[in-house]
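Asker: kindly generate the corresponding structure for this input.
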Amino acid sequence: MAVIDFICSNIKATIISFGLLLDVIGVVITFRYGVPRFIDGMGIPIEDSDGSTYTVGMKNYGAKGYLGIILIVIGFTLQGIASWL
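Answerer: Okay, the predicted model is just below:
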């Protein structure tokens, strides 16, 4: 109960901290998967011994990059809203 009272009494600081946490997570994801480009489905072509070709790597990199950007935008928005409270 003390934790809930603390969060409710410091709502501005809590929102700013949560926004900062989302920003950090978004930056780490964006750093790991890169800025989204039209690269989904691209990768290294590998040829089997029977002559068939398939692609390895970079699957869903674009989606994860967009997730990082979205988290950064949400975190920035939360920080902006909390600074006006």
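Asker: relative to Thr77, how far out is the residue nearest to the spatial centre of the chain?
Answerer: Nearest to the geometric centre of the chain sits Gly68, at 2.2 Å (CA atoms, centre = their mean). The spacing between Gly68 and Thr77, counted by CB to CB, to the nearest Å, is 15 Å. Where C-beta positions appear, they are placed from N, C-alpha and C, glycine not excepted.
Asker: contacts only, for the residue nearest to the centre of the chain.
Answerer: Contact partners of Gly68, counting by CB atoms under 8 Å, 6 or more residues apart in numbering, are 25-33.
Asker: tell me the spacing between it and Ile16.
Answerer: Taking CB to CB, one finds Gly68 at 20 Å from Ile16.
Asker: my guess is Asp23 contacts Thr77. True?
Answerer: No - taking contacts as CB atoms under 8 Å, Asp23 lies outside contact range of Thr77: 10.3 Å.
Asker: comparing those two, which residue is more hemmed in?
Answerer: Between Asp23 and Thr77, counted using other CB atoms under 10 Å, the more crowded position is Asp23 (18 against 12).
Asker: to which secondary structure element is the closest residue to the more buried one other than its chain neighbours assigned?
Answerer: Using CB to CB, 6 or more residues apart in numbering and skipping residues adjacent in sequence, the residue nearest Asp23 is Gly75, 3.7 Å away. Element membership for Gly75, per DSSP states H and E: helix 61-84.
Asker: just the CA trace of stretch 12-31, in CSV.
Answerer: Extracted in CSV, the C-alpha atoms of stretch 12-31 (Å, rounded to 0.1, in the frame of the first residue of the first chain):
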residue,chain,number,x,y,z
LYS,A,12,4.6,13.6,-12.3
ALA,A,13,7.9,12.0,-11.5
THR,A,14,6.5,8.5,-12.1
ILE,A,15,5.3,9.5,-15.6
ILE,A,16,8.6,11.1,-16.5
SER,A,17,10.5,8.0,-15.2
PHE,A,18,8.3,5.7,-17.2
GLY,A,19,8.8,7.8,-20.3
LEU,A,20,12.5,7.8,-19.8
LEU,A,21,12.5,4.0,-19.4
LEU,A,22,10.6,3.6,-22.6
ASP,A,23,13.1,5.9,-24.4
VAL,A,24,16.0,3.8,-23.2
ILE,A,25,14.4,0.6,-24.2
GLY,A,26,13.5,2.0,-27.6
VAL,A,27,17.0,3.3,-28.2
VAL,A,28,18.5,-0.2,-27.3
ILE,A,29,16.1,-1.9,-29.7
THR,A,30,16.7,0.6,-32.4
PHE,A,31,20.5,0.3,-31.9
